[in-house]
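[1] Give me a model of this one.
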Amino acid sequence: MRFIHIADVHLGASPDSSYSWGKLRKREIMETFKKVIEVCKEEAVDLLLIAGDLFHKAPLVRELKEIDYLFGQIPNTRIVFIAGNHDYIGPFSNYLNYEFVSNVTMIRSEQMEHIYLEELNTEIYGFSYHTRDIMEAKYDDIRIEENDRIHILLAHGGDDKNIPIHKNRLKELGFDYIALGHIHKPDRIDKNIAYAGSLEPLDINETGERGYILGDINQQSCRLNFVPIAKRKYIHLKIETTPATTNEALFDQIKKEIVEKGIENIYRILIEGRKDIDIIYDMEAIYELGKIYDVIDNTILDYDFDQLYEDNKDNMIGLYIDSICNAKEEDDVIQKALYYGMEALLKAKG
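    This is a model prediction of the structure:
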């Protein structure tokens with residue numbers, strides 16, 4: 001049986017909403033989800049598993065109708081999904097009474113249950129969130145029925161507030177595959193246990209590839225392949241400077257890196273190293289070099305401490321340099337203390 005496992009789609013989310021590309025990012029989440037639907041059709045996928053947080057918040061009826069239309073485009077693919085902590089089933093949730101097309105099954109219960117897909121000889125276990133937080137480790141003591149069927153667990157959690165997951169315990173449960181959601185970074189826990197991660201990265205700290213898991217499974221084996229699909233990445237780009245690095249040199253270095261890594265991607269620029277004491281980097285200009293989320297300047301000024309000591313040996317600056325240089329610390333600690341302390345003293349001196 002061929003299946004696709006996705007999770008944490010977060011339809012309706014607006015990453016980077018205050019940036020010029022914010023509206024585009026919201027649309028791209030839907031476009032990438034639609035691409036998964038197309039892959040299901042092209043690859044003759046038997047089963048689509050969605051491990052929670054299909055929506056970023058409780059869905060409106062019109063949003064469910066849009067998704068249901070897409071599900072209806074792949075009638076030969078069985079679709080099974082659960083609600084996660086973001087789109088949990090509250091007392092007035094539209095999930096409760098919505099009737100999806102016939103190839104879709106939503107496991108709505110807040111208690112563990114299992115459904116049998118006869119045409120796939122597969123039993124799928126799972127439950128939906130009915131509250132935002134669940135602090136109980138509800139996957140620890142699942143018992144599966146012994147039969148000749150394929151057994152799959154659809155689960156959402158992995159932190160203290162959202163169903164703590166004990167990975168070693170999962171391995172002992174006896175499932176043929178465990179499809180996990182909630183953690184946005186893809187992670188292969190075991191040969192048959194995996195977090196699919198989100199389809200698209202959703203904030204600046206979600207670096208690395210994002211996509212879905214394409215699998216082939218029977219009672220004897222489970223083969224998994226992670227397939228990147230995201231339209232763009234968040235990248236933390238480190239730029240190393242020297243005292244010779246001027247603004248124009250810095251701009252050229254950043255532009256070169258962005259072209260190499262992809263102009264479509266979104267960047268956090270981390271400037272590190274030393275810079276000339278007469279140079280002030282133009283941060284606003286850096287934001288014009290691409291899709292720049294933020295710029296963090298961690299550079300330190302390149303002081304001539306020997307000359308500073310000679311010029312200030314009879315005042316606080318000279319005393320500070322002397323005391324730090326005679327301290328019994330590691331060289332890197334001394335260097336940092338010299339640079340940061342000197343900057344504060346010189347600012348105070350005016």
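[2] C-alpha only now, for contacts and for neighbours.
    Fine.
[3] Where does pLDDT dip in the chain?
    Residues of the chain that meet the criterion pLDDT under 70 lie in 327-335, 346-347, 349-350.
[4] what residue lies at the spatial centre of it?
    Glu206 (3.5 Å; Cα atoms, centre = their mean).
[5] What are the boundaries of the helices in the stretch 201-350 of the chain?
    Counting by DSSP state H, counting those that start in this stretch, the segments of the stretch 201-350 of the chain that form helices are 247-261, 283-286, 305-312, 316-325, 331-349.
[6] so the residue nearest to the centre of the chain touches Lys185, yeah?
    Yes: between Glu206 and Lys185 there is a contact under Cα atoms under 8 Å: 7.3 Å.
[7] how near is the residue sitting furthest away from the middle of the chain to Ser323?
    Ranking residues of the chain by C-alpha distance from their mean position (Cα atoms, centre = their mean) puts Asp314 at the top, at 54.3 Å. The spacing between Asp314 and Ser323, counted by Cα to Cα, to the nearest Å, is 13 Å.
[8] still on that earlier bit, ok, the residue farthest from the centre of the chain to Tyr320 distance?
    11 Å.
[9] Ile204 now?
    Look at Ile204 and Tyr320: by Cα to Cα, they are 39 Å apart.
[10] Equivalent analysis for Lys23, please.
    Applying Cα to Cα, the value for Lys23 to Tyr320 is 52 Å.
[11] go on, Asn162?
    Taken as Cα to Cα, the span from Asn162 to Tyr320 is 51 Å.
[12] which of those two has more neighbours?
    Asn162 (21 against 18; other Cα atoms under 10 Å).
[13] For Lys161, see how far away the closest residue to the more buried one other than its chain neighbours is.
    Computed as Cα to Cα, 6 or more residues apart in numbering, the closest residue to Asn162 that is not its neighbour in sequence is Ile134, at 5.0 Å. For Ile134, the distance to Lys161 (Cα to Cα) stands at 6 Å.
[14] before we move on, what about Met283?
    Look at Met283 and Lys161: by Cα to Cα, they are 39 Å apart.
[15] do the same with Leu237
    In terms of Cα to Cα, Leu237 sits 32 Å off from Lys161.
[16] Those two - which one has more neighbours?
    Leu237 (17 against 14).
[17] Now do the contacts for the closest residue to the more buried one other than its chain neighbours.
    Once flanking residues are discounted, Leu237 sits nearest to Ile269: 5.0 Å by Cα to Cα, 6+ apart. Applying Cα atoms under 8 Å, 6 or more residues apart in numbering, we find Ile269 in contact with 236-239, 292-296.
[18] Swap in 10 Å and give it another go.
    Residues in contact with Ile269 (Cα atoms under 10 Å, 6 or more residues apart in numbering) are 235-239, 254, 286-287, 292-297.
[19] Need the max-distance pair from those residues.
    Ile235 and Asp297 (16.1 Å; Cα to Cα).
[20] Which of the two has more residues huddled nearby?
    A count of neighbours by other Cα under 10 Å puts Ile235 above the other of Ile235 and Asp297, at 21 against 13.
[21] so what's the more buried one closest to, chain neighbours aside?
    Closest to Ile235 by Cα to Cα, 6+ apart is Tyr267, at 4.9 Å.
[22] And that neighbour, how far from Arg25?
    Taken as Cα to Cα, the span from Tyr267 to Arg25 is 14 Å.
[23] Ok, Ile144 next?
    From Ile144 to Arg25 the distance is 41 Å (Cα to Cα).
[24] quick one: which of the two has more around it?
    More neighbours surround Arg25 than the other of Ile144 and Arg25, with 22 against 16 (other Cα under 10 Å).
[25] from the middle of its chain, how far away would whatever helix or strand the more buried one lives in be?
    Using DSSP states H and E, Arg25 sits in helix 22-42. Counting by Cα atoms, centre = their mean, to the nearest Å, helix 22-42 is centred 17 Å from the centre of its parent chain.
[26] Please apply the same query to stretch 317-325.
    On Cα atoms, centre = their mean, the centre of stretch 317-325 falls 46 Å from that of its chain.
[27] just stretch 199-209 next, same as before
    That offset, for stretch 199-209, works out to 4 Å (Cα atoms, centre = their mean).
[28] List the buried residues for that stretch?
    Neighbour-count burial for stretch 199-209 flags 199-202, 204, 206-207, 209 (criterion: 16 or more other Cα atoms under 10 Å).
[29] now the end-to-end length of stretch 91-103.
    End-to-end distance for stretch 91-103, by Cα to Cα: 25 Å.
[30] so how many other residues sit close to the residue nearest to Ala58 when sequence neighbours are not counted?
    Distances taken as Cα to Cα, 6+ apart place Asp87 nearest to Ala58, at 4.6 Å, with adjacent residues excluded. Using other Cα under 10 Å, Asp87 has 26 other residues around it.
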